[in-house]
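In: What would the 3D arrangement of this be:
(chains A, B, C and D)
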2 protein chains.
Amino acid sequence: MKESAAEFVILGLLSYTSMTGYDINKAVKTRMSSFWDIGYGQIYPTLRMLEKDAYVTKKVEIKENGPNRKVYSVTNKGTKKLQEWLMKPAKPEIFRLEALLKIAFGEQVPKHVIIKHIEELRARTAEKLENLIFLEKEVNAHLSDDEGYFFGLLPVLLGINIYRSSIEWADAATKMIEERKQKEGNVR
Amino acid sequence: MKESAAEFVILGLLSYTSMTGYDINKAVKTRMSSFWDIGYGQIYPTLRMLEKDAYVTKKVEIKENGPNRKVYSVTNKGTKKLQEWLMKPAKPEIFRLEALLKIAFGEQVPKHVIIKHIEELRARTAEKLENLIFLEKEVNAHLSDDEGYFFGLLPVLLGINIYRSSIEWADAATKMIEERKQKEGNVR
DNA sequence: AATGACATGTAAGAGGTTACATGATTGT
DNA sequence: ACAATCATGTAACCTCTTACATGTCATT
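Out: Predicted structure coming up:
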């Protein structure tokens, strides 16, 4: 038995409420995209495996046209598995920022290319920040009557912190590059 | 041919100075670990491919005992390839923070488990932050006589920003958990 | 009439990690 | 004497992404 993180993403989400594979995909994209992602290529096969090993059960809603809707729920065995995983130490963080790779080698290309990479990174970040701020409000509204979302809020808050400081960096970095350009211009 | 980021990490590092595979590994670990990582399992095979396609050349230092030292350098063709890649838009950022996955599902386990995850995450982050602060000083010292490291400094500054705000989050999150009124039911 | 949301899935391959194998040299 | 660093590499395995395939229903 493997034990990839994808299993626990699914088990964890199902621990809130029963869902279809489609729902799981949506939930991951809206609620976890700032720190983890999985797609259908992982979701459907993993769901089948989890069911085979009795960590989840499914209820099929038969539809004459189109694919049957399959609603999955965690079992006690699945909850136990999730809890055991939760108690083990987490693996180290992995960051892959291709944009920074390009920025780091900026010496090799004209400055405007790098400024554009920074701008694009900033734009992607600003968009994610907006989403998280929206999510934060939503969760906070929920929180007053349902404490069950408290822990889900923490990663959102970290994301907001990180994205905010990334945007500050982007603005400072752009300035640094432009000021450097002026320096060289004065020398000539 | 494929075009994975690993190639460009290597090409980019070699654009500063000629290196062995071992050196590349070290350089990645010390200078890029906050936004990208590759290991020997990618370095040696990629180096061979790059050489085959004339993007790099190698000079072999023969040693009677142990493996020969192979020093790689970029060719003009390699520099061109790197520049072309640098001008293309970067792929979206990927963050994989298993710790946050565990924290998000904290409802399922006693709160001390989650506090521990946060503490461990904080410790890992603090260590990386120290490394980056050290790196920053080193690069800044270099920068006065060699402008060639300027762009390498930018990712370091982002890392410092991100790690600092992560540490602030960790402290706030721990407090939030400790001060929270515990509801009965889900806690073991 | 078109778009987007709902809903299922597979197959191939790219990308990345880990464990293994080997051994000299340099510093404490 | 022991540990760390220098130095090469492979093979198996796992993980993840991408492209494909199909079709309904609700909204604009």
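
In: Report the mean confidence score over the helix ranked longest in chain A.
Out: Criterion DSSP state H: the longest helix present in chain A is helix A:150-187. For helix A:150-187, the mean pLDDT works out to 88.

In: Hmm, A:Glu7 and A:Leu50 touching each other?
Out: Yes - under the criterion of Cβ atoms under 8 Å, A:Leu50 makes contact with A:Glu7 at 6.3 Å. (C-beta placed from N, C-alpha, C; glycine too.)

In: Of all residues in chain A, which one is closest to DNA strand D?
Out: Using Cβ to the nearest atom of the strand, the closest approach of chain A to DNA strand D is made by A:Gly41 at 2.6 Å.

In: any idea how far that residue is from A:Thr20?
Out: According to Cβ to Cβ, to the nearest Å, A:Gly41 and A:Thr20 sit 16 Å apart.

In: Which one's more surrounded, those two?
Out: The neighbour comparison of A:Gly41 against A:Thr20 (other Cβ atoms under 10 Å in any protein chain shown) goes to A:Thr20, with 18 against 9.

In: residues contacting that one?
Out: Contacts for A:Thr20 (Cβ atoms under 8 Å, 6 or more residues apart in numbering or on different chains) come out as A:Arg69, A:Lys70, A:Val71, A:Tyr72.

In: Out of these, grab the one that's most surrounded.
Out: Ranking the contacts of A:Thr20 using other Cβ under 10 Å puts A:Tyr72 first, with 23 neighbours.

In: That one bridge partners, please.
Out: Per DSSP bridges, the residues bridged to A:Tyr72 are A:Met19, A:Lys58.

In: surely it meets A:Glu51?
Out: Yes - using Cβ under 8 Å, A:Tyr72 is in contact with A:Glu51, at 7.3 Å.

In: Return every residue with contacts to both of these two.
Out: Counting by Cβ under 8 Å, 6+ apart, the common neighbours of A:Tyr72 and A:Glu51 are A:Thr57, A:Lys58.

In: my read is A:Phe35 is in a strand, agree?
Out: No - the assignment for A:Phe35 (DSSP: H, G, I helix; E, B strand; the rest coil) gives coil, which keeps it out of a strand.

In: follow-up on the earlier one: pick the one among the contacts of A:Thr20 closest to A:Trp169.
Out: A:Tyr72 (40.9 Å; Cβ to Cβ).
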